[in-house]
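In: Need coordinates for the below:
(3 chains)
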Amino acid sequence: MSPSALRLVGIDAYYGPAQALFGLDLEVPTGSVTVLLGRNGAGKSTTMKAIMGLVALGQGEIEVGGESITGWPAYRVNRVGVGYVPEERRVFAGLSVMENLLVGMHDPDVPSQARWTHERVFDLFPPLAALRDRLAGQLSGGEQQMLTIARTLMGNPGIILLDEPSEGLAPVIVQQIVTTVKTLSAQGMTVLLSEQNVRFAAQVADRAVVIERGKALLAGSMTEISNDERVRDAYLTP
Amino acid sequence: MSVLTVTDLAKAYGGVRAVDGVSFAVEAGERVALIGPNGAGKTTLFNAIHGQVQPDAGRVMVRGAETTGQAPHRVWRHGVGRTFQITATFMSMTVLENVQVALASYHRSALGLGQALRHRYRDEALALIAQVGLRDAANRAVSELAYGDLKRLELAVALTNAPALLLMDEPTAGMAGDGRGEMMKLVDRLVADVGVAVLFTEHDMDVVFGHADRVIVLDRGRIIASGAPDVVRADKGVRAVYLGTYDDGAVVT
Amino acid sequence: MALEDFVSFIVAQAIAGLASAASLFLIAVGLSIVFGVTRVVNFAHGSLYMLGAYIAYSLVAVMGDSFAGYLLALLLAAVAVGIIGGVIESTLLRRIYHAPELFQLLATFGVVLIVQDLTRTIWGPDDLFAPRMPGLDGAIDILGHAIPTYDLFLIGVAFAVLGGLWLLFRKTRFGVLLRAATEDRQMVSALGIDQRWLFTAAFVLGAALAGLGGALQMPRQAASLSMDLSIIVDAFVVVVIGGMGSIAGAFIAAVLISELLAFGLVIFPQITLVLIFLVMAVTLVLKPSGLFGRPEFLTAEDVRNPDPPLQPSDAIAKAGWRVLLAWGLVAPFVLGEFSTVILTEIAILALFAASLHFLIWGGGLITFGHAAYFGLGAYGAGLAVFHLSAGMAPALLLAPVAGALGALLFGWFCVRLTGIYMAMLTLAFAQIAWSIAFQWIEFTGGDNGILGVWPSAWASDPTVFYYLAFLVCAAMIWALRHVMFSPFGYTLRGTRDSALRSSAIGVDVMRHRWLAFTLAGAAAGVSGGFFAFAKGSVFPEVLFVSTSVDGLVMVLLGGMQSMAGPILGAIAYTEIQTELNRVTDLWQLVLGVFIVALVVVLPRGLAGLSALLVRRRTS
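Out: All right, here's what the predicted structure looks like:
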């Protein structure tokens, strides 16, 4: 098995006095598409924020490619190659599409042919090309989701965190996102995504981790997890 | 007469209909869970009932009195207590003082300049604190409490006006496993003892199906199902948008 | 007046207004940019403006013989101020980004004091007049009015800067990053941008704009040591109206205010200030975050470092209070009669500080304009003596009424806001009160003040007056302390800890804050009334921002988390100031360094310091 791109060991995380993660463990193998499954409130988003240094951490260790990044500020986490696509999209509403991409861009430590450029991003998301001068706040939900992924890609991440990418989107847009994730994975990117929509997850992910009440309950291949009786039991039986 | 009656309530944010014509009632002594995916409108609905958000249309009645659009401090006077997803307590006070401040407000002496607060409503406050199981922590600073105890304190504070209705926003969020069960047992006991009705949102389905008399499912601002837990759990529509994703055919095949 | 005369008058006034708006826009937009990115309101922004003027004065003296040289001098002044701003940001502000707002304001006010004394030392206390700008020293005739060409130049510069900023913010990556950071700093960081350099760069830009604003004023008005505070208050009003963080808002509000002043001064000079007050009040009631501002996210509830619960006095504390009281009673005999003047002042200022402490600590209400109610009390008493020939007793009774009425009026607006907006609005109201006292010469005597406010015959002996002041102030402080323990005080503390919880238990949060504001205003009014009789006179300075800051320093010095804090703070501060005045002319500099050090080194440790003081005093 390939070494882990991302590893979380026993992470506790807090919002003020409220604890959201309780000793969460997580391994994301390099080159994999790993999905975090669980209901809203289970701790999926918090796990991603914990990786990015956006919530208060208690105990635990976070490693990227074997290097500890525990307690690092977000910009440093990003600079070691972790791209973050947040849940509510959080595009810069008052900035145009091009300007949003500009914020995400930074001098890459990547060979030039592998670098993300506006052109490559527009190839991946053709609808964005026509909207390049539109304010991000005026885009539809699906367009904003494309933009927020595109913006993150401009920083040339090796690992991309996608928080609920299908949330609130029409099925046809969700299919586009599926294609995108597959494309990125085929290009060698490690993907960690969180989903409530298992149909979506099953189409893209090869590994799954079930999170419940701030802990990782189960981890394994997507097939193993979807066939696990306990997954249903955990959610559907009191 | 219903404890809470919501009629055709609607609230939009810039074109997005967060709550879109919701009607339901809560009866005395009933525990009603409000569930649904993120963005379904649960929080907006809660805030509209509690007065933090002005609804665009519709009515809210508490025990037969209209409270639509009234500020939270007025809604409280109609007998509505509230707990929050992330607890809101007075962090620079003791447990006892938190309850005493709420009692001062209930007895309409919040503007009182005379006798010190710590000598007032002491027995009444201690009784409420005992009711939620915090007797031993009465004189501790709130800032030292474990999160589960903060949630208990919120409950004690919410009980100060002898409410007819408790609005509980995610009563078990931020708590570890066993704490959740204890919290809900406490709520069950309060319902049995004082007959208060409880309307709560919750993500933990164990809690929902173990402790609700009735479940209302919200999706895109509308009620898509409502009824006894078993009925809601079997509902095809509910499975499609919320519950059933985990045993959907797509996964297994 | 014929129609064409009227039209030409309108045009002339409009142009004069626009010319004044130019500098105001430059400074307000800089303040706004810095706030948008760093979330710090920089009180010292006016000092940077002043430095721009002084540096430009010196440079013009060297190279200002030609139009090009003069222009270069102005630009170099802006660059120099930008560099100074960079130094201030990287040495001071960077350390206080996570401090509470009050501390940030106070620390930057410390910079104001430092810059004041340094400027005085370098350029001297007198106003400095620069020569006019070669080539722009004439006037041109527009519709029969002679319009100074320099005014037109200023208007041109304002539009050029507006255009330049537009280009910067629209066409450069740096500008795009600044805009993005103003919207969502966290996301900018998650996209790999180190905020530190962004903050420094924003500050340098803001400082350079302030410096340019100051430099451009040189040919129009003298460089003076009072220009820092007068401009910063105007800039606060502009950003409060325009909305923090908005460039367009700063521009439109600067024009609005300047035109209002330009026309107001001609048409109704007496109520110009009232007009500005009304514009600001109406804006804030309709749009609490200003015309173009975004609502602030509510982070006022500080759950990380809550205060410990209130404790009734234990034996040691009780002994401490008794010692303090006993000392107050015997001090005139121990220290001799000459000390009663200072002792009286300490007693009065202790009450002033206690009333401020009541608001800040008891209610979390950050006010930077508490001088208003102290000053209204002083003027209430002084005016009663002057206009109504009232005796001391009725005049002293009028003082709290004046303070309370002022707080009732201003507070109605202020309690609608929180945090930094509240601080700025309280300051703006206090400065408006100061301006009224300063300008309404027939009623207040203006700059000459009200003289002859002497105690009645029975209290004319300084020792008798001291005992009167001491006993009344001590009783008031005791009453304020009592209120903190009452249901009203606890409920107020509750609104500070969590407004959300307070409203959910039936508390009308705004009304409660408003009443607390009024109560503190009345207490400050009492101290102001005594202050008037102690000095025998009332001058507009009692209403000035420096009086508010004196109070804040006393509160912080004594320790925020202790009821004895403001008293000890008043004692220490008065002593320090008296001693400093004796040994150095640069007491503002020393005080400024002291304030900055206090905030940077001891942001949370002040209570410990005062506990140490208590122990020393009671042992």
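In: Now do the strands in chain C.
Out: C:139-142, C:145-148, C:450-451, C:537-538 (DSSP state E).
In: Would you convert the ones you listed into CSV that also reports distance to C:D497, mean neighbour count and mean pLDDT?
Out: From N, CA and C alone the C-beta is placed, and that goes for glycine too. Below are the strands of chain C laid out as CSV (distance: least, Cβ to Cβ, whole Å; neighbours: other Cβ atoms under 10 Å in any protein chain shown; pLDDT from 0 to 100):
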stretch, distance to C:D497, mean neighbour count, mean pLDDT
strand C:139-142, 60, 12, 84
strand C:145-148, 56, 16, 85
strand C:450-451, 42, 19, 94
strand C:537-538, 38, 24, 96
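In: Now these in TSV, please, with extra columns for distance to C:P487.
Out: Putting these into TSV (distance: least, Cβ to Cβ, whole Å) gives the following:
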stretch	distance to C:P487
strand C:139-142	66
strand C:145-148	62
strand C:450-451	40
strand C:537-538	37
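In: which one of these lies closest to chain B?
Out: strand C:537-538 (30.3 Å; Cβ to the nearest Cβ).
In: mind checking how far the closest residue to C:V542 other than its chain neighbours is from chain B?
Out: Spatial nearest neighbour of C:V542, excluding adjacent residues (Cβ to Cβ, 6 or more residues apart in numbering or on different chains): C:G375 at 4.0 Å. Per Cβ to the nearest Cβ, to the nearest Å, C:G375 is found 26 Å from chain B.
In: Hmm, C:V29 is touching C:A248, no?
Out: No - C:V29 is beyond contact range of C:A248, at 9.5 Å (criterion: Cβ atoms under 8 Å).
In: quick one: which of these two has more around it?
Out: C:V29 (30 against 14; other Cβ atoms under 10 Å in any protein chain shown).
In: Based on its surroundings, how many neighbours for the nearest residue to that one once chain neighbours are set aside?
Out: Nearest residue to C:V29, sequence neighbours excluded (Cβ to Cβ, 6+ apart): C:A250, at 4.2 Å. Neighbour count for C:A250, taken as other Cβ under 10 Å: 31.
In: State the distance from C:A250 to chain B.
Out: In terms of Cβ to the nearest Cβ, C:A250 sits 26 Å off from chain B.
In: Same question for C:G211.
Out: From C:G211 across to chain B, the span is 41 Å (Cβ to the nearest Cβ).
In: That residue: neighbour count?
Out: C:G211: 33 neighbours (other Cβ under 10 Å).
In: now swap in C:A597 and tell me
Out: 12.
In: Could you check how far it is from C:A572?
Out: Per Cβ to Cβ, to the nearest Å, C:A597 is found 15 Å from C:A572.
In: A:E61 now?
Out: From A:E61 across to C:A572, the span is 48 Å (Cβ to Cβ).
In: the more surrounded of those two?
Out: Neighbours per residue, other Cβ under 10 Å: of A:E61 and C:A572, the larger number sits with C:A572, 18 against 14.
In: At which residues are the strands of chain A located?
Out: For chain A, applying DSSP E gives strands covering A:4-15, A:18-29, A:33-37, A:56-57, A:61-64, A:67-68, A:82-85, A:159-163, A:190-195, A:207-212, A:215-221.
In: so which of the ones you listed gets nearest chain C?
Out: Smallest distance to chain C across those (Cβ to the nearest Cβ): 4.8 Å, for strand A:82-85.
In: any residue of that closest one up close to chain B?
Out: No - Strand A:82-85 lies out of reach of chain B by Cβ under 8 Å from any Cβ of the partner chain, never closer than 15.8 Å.
In: That strand pairs with which strands, and in what direction?
Out: Strands that pair with strand A:82-85, judged by DSSP bridges, come out as strand A:159-163 (parallel).
In: Could you list the low-pLDDT ranges of chain A?
Out: A:1-2, A:107-110, A:230-238 (pLDDT under 70).
In: Convert the C-alpha atoms of stretch C:541-555 to PDB, please.
Out: Below are the C-alpha coordinates for stretch C:541-555, written out as PDB (Å, rounded to 0.1, in the frame of the first residue of the first chain):
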ATOM      1  CA  GLU C 541     -11.100  70.500  27.400                       C
ATOM      2  CA  VAL C 542     -13.200  68.700  29.900                       C
ATOM      3  CA  LEU C 543     -15.200  67.300  27.000                       C
ATOM      4  CA  PHE C 544     -12.100  66.500  24.900                       C
ATOM      5  CA  VAL C 545     -11.000  63.100  23.900                       C
ATOM      6  CA  SER C 546      -7.900  63.400  26.100                       C
ATOM      7  CA  THR C 547     -10.200  63.500  29.100                       C
ATOM      8  CA  SER C 548     -11.800  60.200  27.900                       C
ATOM      9  CA  VAL C 549      -8.400  58.700  27.500                       C
ATOM     10  CA  ASP C 550      -7.300  59.800  30.900                       C
ATOM     11  CA  GLY C 551     -10.300  57.900  32.300                       C
ATOM     12  CA  LEU C 552      -9.400  54.800  30.300                       C
ATOM     13  CA  VAL C 553      -5.800  54.800  31.300                       C
ATOM     14  CA  MET C 554      -6.900  55.100  34.900                       C
ATOM     15  CA  VAL C 555      -9.200  52.100  34.600                       C
END
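In: didn't C:G375 look like it was pressed against C:W434?
Out: Yes - C:G375 lies in contact with C:W434 (Cβ under 8 Å); the separation is 7.2 Å.
In: of these two, who's got more company?
Out: More crowded of C:G375 and C:W434, by other Cβ under 10 Å: C:G375, with 33 against 23.
In: can you pull the contacts of the more buried one?
Out: C:A430, C:A433, C:W434, C:A437, C:G528, C:P540, C:V542, C:L543, C:F544, C:T547 (Cβ atoms under 8 Å, 6 or more residues apart in numbering or on different chains).
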